[in-house]
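S.K.: Predicted model and sequence follow; I will ask about them next.
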Amino acid sequence: MTALAAPPDAAVDSVLHQRTRRASRRRLVIVVLAVLVVVAFAVTLMVGRTFYPPGDVLRVITGEKVPGASFTVGRLRLPRGVLAVVAGLSFGLAGVTFQTMLRNPLASPDVIGISSGASAAAVVGIVLFSLDGTAVSSLAVAAALGVALLIYVLAFKDGVAGTRLILIGIGVGAMLNSVIQYVLSRAGQWDYQEALRWLTGSLNGTSWTTVLPALLALLVLAPVLLGQTRNLATLQLGDDTAAALGVRVERTRVIAIIAAVGLVAFATAACGPIAFVSFLAGPIAARIVGPNGSLLVPAALVGALLVLVADLVGQFALDTRFPVGVVTGVLGAPYLIYLIIRTNRAGGSL
Amino acid sequence: MTSVLSVPAPDAAPPRRPGSVRFLWLLVVLAALVLLMAASVAIGSRGVGWGDIVAALGGSQETVAEAAVTKRIPRTFLAVLVGAALGLAGAVMQGVTRNPLADPGVLGINMGASLAVVAGLAWFGLFSATSIIVTAIAGAALAAVFVYAVGSLGRGGPTPLKLALAGAATAAALTSFITAIALPRGDIAANVQSWQVGGVGGATGSTITPVLPFLAVGLVISLLSARSLNSLALGDELAAGLGERVALARGLAALGSVLLCGAATAVAGPIWFVGLVVPHLCRLLVGVDHRWLLPFSALAGACLVTASDVLGRIVARPGELDVGIITALIGAPFFIAVVRRQKVREL
Amino acid sequence: MTTTHTLVAEELTLAYGERTVIEGLDLAVPAGRITAIVGANASGKSTLLRSMSRLLAPRAGRVLLDGRAVHRMPAKELARTLGLLPQSPIAPEGITVSDLVGRGRHPHQGVFSRWSREDDAAVAAALEATSTTELAERAVDELSGGQRQRVWIAMALAQQTDLLLLDEPTTFLDVSHQIEVLDLLTDLNRVRGTTIVMVLHDLNLAARYADHLVALESGRIHAAGEPGTVLTEDCVRAVFGLESRVIADPISGKPLMLPIGRHHATAPVAAEVRGASEALSPR
């Protein structure tokens, strides 16, 4: 333990080697995931009551008129598929950002009630004030930010403890779900499908006007979050260590929270809080990538893949058409329980 | 620093709550319950006069108003029964788990009962009221065992955080399954909301009667376990040292609470937070002695659910709001307040 | 390489909310030396250390690094000169040792800049210095307490700062690992001239390893200077409220504190202690 001289080349090369191997594993995962997302997206466009071959689909996308396909693919399947990708990317990115920042897989926006906040606001806007489009999105963003702030303030007592924040978030979420049910019941007729959209998420009836705000939000906010990749990774070492390494902790946190909440809110305003996608994407990505660097991009891709596949399953795999949120809920909730069991066993930070 | 071994002064002992104060509170809660029951019969989308109520109570159904009152009477009784069952079940559960966040809703036990019933209706053609109740109780018991097992894994045993998380996760999972099972079946889907959000509307005498024996047994077991819950409150080891058979006492008390909340869910659907809020409030009124706390929780639970039902009829006129939504709106802030009071390391 | 960085606290007042922890404190950290801060629990040791590395903004007064207020310096620039190892840093689940040590390069990298050979060399040197090269591909959460602490020190070394602040680097370590860590820090100081400031619990280890000892007593400096002049029986009584005997350490010649307590002293010492505490008590 005495040598502090310059290290031999071999040692430096070994460090370099370890680092490139980590990076290449991560790159490989990203490429594979991206390919899978593209494939699933293509399948979404081709499959339905009528099958259209890839050629037809491509011609529709490039703007040609194809009898039948132009309407079915261009007006029905394309917006639905795009929204699935956009919402999946948004939920995945936002979820993993929260999980990284609060150092707890349970701290994702859908578990701690932020998605429910956006959803409740959307319902209030639509049912009580007959709003649509951008107005609903703006209301959802405001509400989601408000809920995030509320949870943070309520959890603040001698500093914010992750555990307290999660429990309070669960309580807030329960209350907001009641608000959704209350508002929908005020609407007069209780439409169960409509209720499901706002309670668990659904892509049914997607049109370009619902997709557009979410798409724009993703294009603006995703680069903001990706710009914080390294700061977020350093933040994982604890606030003090990160600050000592030159991260401006509060600034990073505020930027990340606003961007992530914005992503969740815009996506939720379009298709409801698709159950457990933001919770699942991060841990699944971590499983595939391993501890090999930032999870932001892999988690976003996992989110998109989850939504696309779950929507395909919900539409075609079973006799009944299930909204996508019911499928992700059935898949996600057992994983949540498994995660709790695993963390409890390990005597982890829970 | 030198008098390490001195005996604490006698006045440092916690003040005993005089029995007369408790008795006074008992009268207050009883009076409140009677008033709320009267309000529940009198208030609804159709306004009725006192004459109608008196006539209806006498068995007359001649006018529309009298008929409306007649329909509200079983509903009121159901609210009282369900509330009492959930309040008592919550108090017992908090005692058994020594956990301030325990509640049949938070721990996912009501959802277990709901899922069992929905699965039974969808797959096994359950028909008789009794078989539905038994299924609900079995579902509640399974969910309770599962959540307790998951929440007890690892260091520190069943801490409030671990139990609440296991419960919330289980509830979320069960809710998803209920939707998935019910959605394809139009006949059940019509009622699916009532299996996800509890309510007491539409109750008749024939829906209430079959559940009475189960509630009665649950009530007796729960009330009888008051003394052992007092010992368990001191910790398992100390309770064993005081001659309590810990596993048996805990099992019996848990059985009582599962019977209560399973049966309540079978008739009214899952209702959250009643079992959480009520015991906490009652502890403020009568202290931590379970021999007082348990009956009080039953009475106060009845008050809360009846009041919620009345409120649901007032705020959503001309429609009405399920009890489960109202109790969640009241109960969730309460839950948050309890969480905030806990120290982090206790969570 | 010799460092001449000066780190000075001037009339520093620190508080958490309403609670003032440090009041009007002046402290000059001697450049190129090892400084140890000792004091009772809650005397403000960690708070002082956090403020010196700009983690806690002062209520009044300032901390100057080379004459510039640290709380006004750009975060990364400060982090290239001054490093801090907090008491309980958090290792992300499953992270490997070399990845964790590499995180120490953060202040040397821009948002879009790529890893350079210089970065790899710094990581390799830090691994070598802490004898963790063999552990490089292991997961941090599999390591023993002593190994983990060496890895964290390696991360701080990869930061390549001329000043290094450590908050209780030896807690949770058994005695041989404590010595190992303190020897490593001494090497770092002797070979690289790194200025080291550390909070230590163990008075005797502090006295042995520090060139400069700072004794804190409820937010004020009770004494500061060479361990031989600072660590006295009066100082221990004032700072810890403990009767003790201070003798010369037969190994190092530095002062060695022996606590007395109420039970195990031989008769003449016990009588002397009783006399002393009666003289102290108001009645």
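M.R.: Thanks, I have the structure now. Numbering: from 1, shown residues only, chains lettered A, B, ... in the order given.
S.K.: in chain C, which helix or strand is least confident?
M.R.: In chain C, no helix or strand scores lower on mean pLDDT, DSSP states H and E than helix C:267-280, which sits at a mean of 65.
S.K.: ok, now how distant is the closest residue to A:E64 other than its chain neighbours from B:I221?
M.R.: Using CB to CB, 6 or more residues apart in numbering or on different chains and skipping residues adjacent in sequence, the residue nearest A:E64 is A:S70, 8.0 Å away. To be clear about C-beta, it is placed using only N, CA and C from the backbone, and glycine gets the same treatment. The gap separating A:S70 from B:I221 is 68 Å, by CB to CB, to the nearest Å.
S.K.: For these two, indicate the residue with more neighbours.
M.R.: Comparing A:S70 with B:I221 by other CB atoms under 10 Å in any protein chain shown, the one with more neighbours is B:I221, at 19 against 15.
S.K.: number of nearby residues for the nearest residue to the more buried one once chain neighbours are set aside?
M.R.: Nearest in space to B:I221, with sequence neighbours left out and distances taken as CB to CB, 6+ apart, is B:G256 at 3.4 Å. Neighbour count of B:G256, defined by other CB under 10 Å: 25.
S.K.: secondary structure element for B:G256?
M.R.: Element membership for B:G256, per DSSP states H and E: helix B:246-268.
S.K.: any idea of the angle the helix or strand following that helix forms with helix B:246-268?
M.R.: Moving toward the C-terminus from helix B:246-268, the next helix or strand (DSSP H and E) is helix B:274-286. Using axes from the mean of the first three to the mean of the last three CA atoms, to 10 degrees, the inter-axis angle of helix B:274-286 relative to helix B:246-268 is 120 degrees.
S.K.: Buried residues, helix B:274-286. List them.
M.R.: Using 16 or more other CB atoms under 10 Å in any protein chain shown as the test for burial, helix B:274-286 gives B:V274, B:G275, B:L276, B:V277, B:V278, B:P279, B:H280, B:L281, B:C282, B:R283, B:L285, B:V286.
S.K.: same question, stretch B:137-146
M.R.: Applying 16+ other CB under 10 Å to stretch B:137-146 flags B:I137, B:A138, B:G139, B:A140, B:A141, B:L142, B:A143, B:A144, B:F146 as buried.
S.K.: Go through the residues you listed and flag which are in helices.
M.R.: B:I137, B:A138, B:G139, B:A140, B:A141, B:L142, B:A143, B:A144, B:F146 (DSSP state H).
S.K.: Go ahead and confirm C:A206 touches C:V214.
M.R.: No: using CB atoms under 8 Å, C:A206 and C:V214 do not qualify as a contacting pair, with a distance of 9.3 Å.
S.K.: Between those two, which is the more surrounded one?
M.R.: Shown here are C:A206 and C:V214; by other CB under 10 Å, C:A206 has more neighbours (27 against 24).
S.K.: what's near enough to touch that one?
M.R.: Under the criterion of CB atoms under 8 Å, 6 or more residues apart in numbering or on different chains, the neighbours of C:A206 are C:A36, C:V38, C:L200, C:L213, C:P227.
S.K.: Near chain C, which residues of chain A are found?
M.R.: By the rule CB under 8 Å from any CB of the partner chain, the part of chain A lying against chain C is A:1-4, A:6-7, A:11-16, A:18-19, A:22, A:103, A:227, A:230, A:233-234, A:236-238, A:240-241, A:243-248, A:286, A:290-293.
S.K.: filter the residues you listed to the buried ones?
M.R.: Neighbour-count burial (16+ other CB under 10 Å) applied to the residues of chain A next to chain C gives A:4, A:7, A:11-12, A:14-16, A:18-19, A:22, A:103, A:230, A:233-234, A:236-238, A:240-241, A:243-247, A:286, A:290-293.
S.K.: Sort out for me which of those are in helices.
M.R.: Short answer: these in helices (DSSP H) are A:11-12, A:14-16, A:18-19, A:22, A:230, A:233-234, A:240-241, A:243-244, A:286.
S.K.: Identify the contacts common to C:A206 and C:V214.
M.R.: Common neighbours of C:A206 and C:V214 are listed as C:A36, C:V38 (criterion: CB under 8 Å, 6+ apart).
S.K.: burial count for B:L248?
M.R.: Residues near B:L248, counting by other CB under 10 Å, number 10.
S.K.: From chain C, how far out is it?
M.R.: For B:L248, the distance to chain C equals 41 Å [CB to the nearest CB, to the nearest Å].
S.K.: Once you drop chain neighbours, what's closest to whatever residue of the stretch 101-250 of chain A ends up closest to chain C?
M.R.: Residue nearest to chain C within the stretch 101-250 of chain A: A:G246 (3.1 Å; CB to the nearest CB). Nearest non-adjacent residue to A:G246, counting by CB to CB, 6+ apart: C:A79, 3.1 Å away.
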